[in-house]
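J.: Sequence first, then the predicted structure, then my questions.
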Amino acid sequence: MDIRENSSENNSLFRPEAVPNDTEDIVPKEPRELEDTGISREDLEDLVLKVVYTVRGFTIDWVAKQVGLPLRLVNDLVEELQDSAAVEIVGQAGTMSFKMRVTDLGRKRAAEAMRASGYVGPAPVTVEDYSKMLEAQLARMPKTEPEEVSKAIDELVLPPNIVEVAGLARSSGRSLFLWGPPGNGKTSVGHLIHNAIKGDLWIPYCLGVGHSVIKFFDPQCHQVVENGSDSGNGQRFDRRWVRIRRPFVVVGGELRIESLDLAFHPVLRYYEAPMHLKANGGTFLIDDFGCQRADPQEILHRWVLPLERHIDYLTLRTGQQVPVPFKQMLILSTNLDPEKIMDAAFLRRMGYRLYLGYPSPDQYAQIFKRYAAGLELTVPEGMLERLFSRYSEEGRPLRGSEPRDLIERCRDICNYRNQSIFLSEEILNTAWRGYFGEKGVVR
């Protein structure tokens, strides 16, 4: 496997026949021959045998749906298995279809295949074809316009310069480093600017590297949309692929350095793709950076080259390194001083940096009123001035998240008392005590 590393423009991979080049709506092309899959015939036969090994009887069209390959190609594989006495016909299932089953010899071979890899499902896609398809799709994605970024993060009250930097990062797809005191919108900015991107993405259910399988599609990370349709020119799409929303993947304090490489399941005997690979084509947010189980410097050093070259290298148990595309917007969010957790070499490779500090009283008031209006609540005259006095008396900084938190606790109080929801000094005072855990009244 040879990926050229000198520039992002040269990182597209081989097999141009795997991707249509003359259509705006890119659809993975259905393979015409087994060789077009890039997967060996032996591995495909073993996959079919493992699939039928799990049922008492089967038809060829049922197998084709399970492995995502054209009926004609699956029929070819089943005939090979029939010739080797691994499967046999047991009856008629329709006018042109037969009911089949696995023989004792086939069960033995299937058990051996299971010991090598327990993966059962759609046939793998090669890393080369996946990389080529990803490049082609991203090249045709619509540009992110400034007004779309503004609209996406409109629910936050932010200065124009912050909105502009967030838009620059989103439009360019470069990485973004968010930092500042807690409770002022860093995580929210990371979530919302992802909403500014448009377009869906085709991804494979799994990847094949030699005889190894890497499970790629993850329902927890990938939101399936309408699974596409066959093209107008009669070309059927490849059922080994699934169409998703552009992914948004978030990790927090649970991140370990091992999580950034392939995870091998010793019982199932296949690999699981790391989260940042699953985020390709979308956004990968590391929240509370610096609080992970892994050392921050170790994580940063792990990504110095991928950020620069847009290629990552994953390692199989055999020691073989697999080059894969690193094509997502990386966002790091932290409450810590960046100079204490980052070195200059990594900061230089971050696309944009954005500091989110405490809101001004005017911004806090705007956030409070906007959230209250969203719940159809009226803010009594003078309430915010007395609230600011209490912040000052207790030496608390204003945080952008606290208007929402205090109003939500006011709503909790009204619901608990079986009252209609409204704001008052007494209710806000109770909410304050419940939120900050201190006695006192709002004067």
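T.: Yep, that arrived.
J.: so where's the stretch 151-300 of the chain shaky on pLDDT?
T.: 227-235, 292-294 (pLDDT under 70).
J.: could you show me where the helices are in it, in order?
T.: Under the criterion DSSP state H, counting those that start in this stretch, the stretch 151-300 of the chain carries helices at the ranges 160-172, 186-194, 275-278, 296-302.
J.: Which elements pack onto the second one?
T.: For helix 186-194, the elements it packs on are helix 146-152, helix 160-172, strand 176-179, strand 248-251, strand 283-286, strand 329-334, judged by 3 or more Cβ pairs under 8 Å, 6 or more residues apart in numbering; DSSP states H and E. To be clear about C-beta, it is placed using only N, CA and C from the backbone, and glycine gets the same treatment.
J.: who does the fifth one pair up with?
T.: Read it as strand 283-286. strand 248-251 (parallel), strand 329-334 (parallel) (DSSP bridges).
J.: for the helices of the stretch 151-300 of the chain, which one sits closest to residue 404?
T.: Closest to residue 404 of those, according to Cβ to Cβ: helix 186-194, at 10.0 Å.
J.: Show me the contact partners of that closest one.
T.: Here helix 186-194 makes contact (Cβ atoms under 8 Å, 6 or more residues apart in numbering) with 149, 152-153, 155-156, 158, 162, 166-167, 169-170, 176, 178-180, 246, 248, 250, 282-283, 285, 287, 329, 331, 333-335, 354, 356.
J.: chain center to the longest strand that the chain contains, what's the gap?
T.: If you go by DSSP state E, the chain has its longest strand at strand 87-94. The chain centroid and the centroid of strand 87-94 are separated by 42 Å under Cα atoms, centre = their mean, to the nearest Å.
J.: Next, the buried residues of the very next helix or strand once past that strand.
T.: Of the helices and strands lying after strand 87-94 in sequence (DSSP states H and E), the nearest is strand 97-102. Under the neighbour-count criterion of 16 or more other Cβ atoms under 10 Å, strand 97-102 has 98, 100, 101, 102 buried.
J.: For the third one, give the beta-bridge partners.
T.: Translated: residue 101. Bridge pairing for residue 101 - DSSP bridges - gives residue 88.
J.: Surely it and residue 59 touch.
T.: No - the pair residue 101 and residue 59 fails to qualify as a contact (Cβ atoms under 8 Å) at a distance of 10.7 Å.
J.: which one is residue 252 nearest to, not counting chain neighbours?
T.: Nearest residue to residue 252 in three dimensions, chain neighbours excluded: residue 287, at 4.5 Å (Cβ to Cβ, 6 or more residues apart in numbering).
J.: returning to that earlier point: drop anything exposed from the contacts of helix 186-194.
T.: Buried by 16+ other Cβ under 10 Å: 149, 152-153, 156, 158, 162, 166-167, 169-170, 176, 178-180, 246, 248, 250, 282-283, 285, 287, 329, 331, 333-335, 354, 356, out of the contacts of helix 186-194.
J.: who's in contact with stretch 104-120?
T.: Against stretch 104-120 from outside (Cβ under 8 Å, 6+ apart): 46-47, 49-54, 66, 81, 84-87, 102, 206, 211-213, 215, 265, 267-270.
J.: Now do the buried residues in that stretch.
T.: In stretch 104-120, counting by 16+ other Cβ under 10 Å, buried: 106, 109, 110, 113, 114, 117, 119, 120.
J.: Stretch 385-402 now?
T.: The neighbour-count check on stretch 385-402 (16+ other Cβ under 10 Å) flags 387, 390, 391, 398, 399, 400, 402 as buried.
J.: With stretch 320-334 instead?
T.: Judged by neighbour count (16+ other Cβ under 10 Å), stretch 320-334 contains these buried residues: 322-334.
J.: Single out whichever of the buried residues of strand 97-102 has the smallest pLDDT.
T.: Lowest pLDDT among the buried residues of strand 97-102: residue 98, with 81.
J.: Run through the residues that contact the nearest residue to that residue once chain neighbours are set aside.
T.: Spatial nearest neighbour of residue 98, excluding adjacent residues (Cβ to Cβ, 6+ apart): residue 89 at 4.8 Å. The contact partners of residue 89, taken as Cβ under 8 Å, 6+ apart, are 82, 98, 99, 100.
J.: and the gap between the third one and residue 62?
T.: Going from residue 99 to residue 62 by Cβ to Cβ, to the nearest Å gives 10 Å.
J.: now do the second one
T.: Residue 98 sits at a distance of 11 Å from residue 62 (criterion: Cβ to Cβ).
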